[in-house]
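[1] Structure for this input, please:
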Amino acid sequence: MTTSTLHSTTTNRSSFARVPAAFRLQFAVPWSFIWLPIGIFLLAWVLGTGIGFLIDSQMADRIPAEEPLSSIGAAQAPIWYLAFMAAYTASHTFPFSVALSYSRRVYLIGTYLTFAVVSVGYGLIAMLAFWIERLTDGFGRHVYVVGAPFLDDVGGMLGVGAFGAVVTLFFMCFGFFWAILYRRVSIPVLWVVILSVIVVILGLIAMITLNEWWPNVGLWFVDQTAFTLAGWGLLATVLLGGLNYWLIRKATVS
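    Predicted structure coming up:
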């Protein structure tokens, strides 16, 4: 082995040996990725359940076992917060990692590991909430936030956990994408990308509407389970992760 080869091998080993440090860097402030998301989830869960009980109190003729109430939307709250924190990570800890001489690849691997751990954590908390709601029959009144009975047909508790974890991971990578894109391109180009995404989405909606494809779209979703939707979401997340890697290679820190 030549001296240059040995030096290259040593450098690569020492570089990737810093991945755990890059991972721990994201948890330098524990509340950002641990305690605050948990608090937001609990608050959203309590508020969602409270709204369900309020609705229940206005339905005198309701038979709880036959008419379960569900407010699944409340469970989204921590996901939006984590997407914002992922963007904050790209805009704040990325320059700090460069100052610490972390390579961009090492920083990104550590960041992706952080996103993965946090996403799995969200999935586990959602499963725990699901179990509690089902164990108590929706707190005695069949009021659900994450444990609605119809979810049994698409994967049950494990399906909720898998889908929740993948959705969280996707939106964290999505939030990270916009912050890294901001560091990669000029403000005018950033706005061009934002408007282009909006135009593409509106174009797809118009095409589906004009061709009367909405029933087919609905049938496609009906045929899916939480696990298959998680699979499609994971594929989109991997593609987005690759795009983030391509962007961060040339991203500036100033």
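
[2] Name the residues of the host helix or strand of Gly161 that come out as buried.
    Gly161 belongs to helix 156-184 when elements are defined using DSSP states H and E. For helix 156-184, burial by neighbour count (16 or more other CB atoms under 10 Å) applies to 156-157, 159-184. Glycine gets a C-beta too; all of them are placed from N, C-alpha and C.

[3] buried residues in the host helix or strand of Leu42?
    Element membership for Leu42, per DSSP H and E: helix 36-57. Under the neighbour-count criterion of 16+ other CB under 10 Å, helix 36-57 has 36-37, 40-41, 44-45, 48-49, 51-52, 56 buried.

[4] For the helix holding Gly161, what is the distance to the chain centroid?
    3 Å (CA atoms, centre = their mean, to the nearest Å).

[5] pLDDT of it, averaged?
    The pLDDT scores in helix 156-184 average 94.

[6] what's the angle from that helix to helix 36-57?
    Calculated by axes from the mean of the first three to the mean of the last three CA atoms, to 10 degrees, helix 156-184 forms an angle of 130 degrees with helix 36-57.

[7] any idea of the mean pLDDT in whichever helix or strand comes after helix 156-184?
    Following helix 156-184 in sequence order, the next helix or strand is helix 187-210 (DSSP H and E). Across helix 187-210, the average pLDDT comes to 94.

[8] Stretch 112-123 too?
    96.

[9] now do stretch 235-250
    If you average the pLDDT values across stretch 235-250, you get 92.

[10] Between helix 156-184 and whatever helix or strand Trp232 lives in, find me the angle.
    For Trp232, the element it lies in under DSSP H and E is helix 226-248. For helix 226-248 against helix 156-184, the angle by the same axes, to 10 degrees is 20 degrees.

[11] tally of neighbours for Ala226?
    21 (other CB atoms under 10 Å).

[12] how close does the spatially closest residue to Ala65 that is not a sequence neighbour get to Arg62?
    Counting by CB to CB, 6 or more residues apart in numbering, Ala65 lies nearest to His142, which is 6.0 Å off, once chain neighbours are set aside. His142 sits 9 Å away from Arg62, going by CB to CB, to the nearest Å.

[13] List the buried residues for stretch 223-237?
    Buried, per 16+ other CB under 10 Å, within stretch 223-237: 224, 226, 229-230, 233, 237.

[14] So which elements touch the longest helix along the chain?
    Assignment by DSSP state H gives helix 104-135 as the longest helix of the chain. Helix 104-135 sits against helix 3-16, helix 19-25, helix 36-57, helix 77-99, helix 156-184, helix 226-248, with contacts defined as 3 or more CB pairs under 8 Å, 6 or more residues apart in numbering; DSSP states H and E.

[15] Nearest to Leu204, out of those helices?
    Leu204 lies closest, by CB to CB, to one member of the helices and strands packed on helix 104-135: helix 226-248, at 14.7 Å.

[16] coming back round to it: got the angle for the longest helix of the chain vs helix 156-184?
    Computed with the same axes, to 10 degrees, the direction of helix 104-135 lies at 150 degrees from that of helix 156-184.

[17] chain center to helix 104-135: distance?
    8 Å.

[18] Please list all residues in contact with the residue lying closest to Arg62 once chain neighbours are set aside.
    Spatial nearest neighbour of Arg62, excluding adjacent residues (CB to CB, 6+ apart): Asp56 at 6.4 Å. Residues near Asp56 by CB atoms under 8 Å, 6 or more residues apart in numbering: 62, 64, 69, 141, 143.
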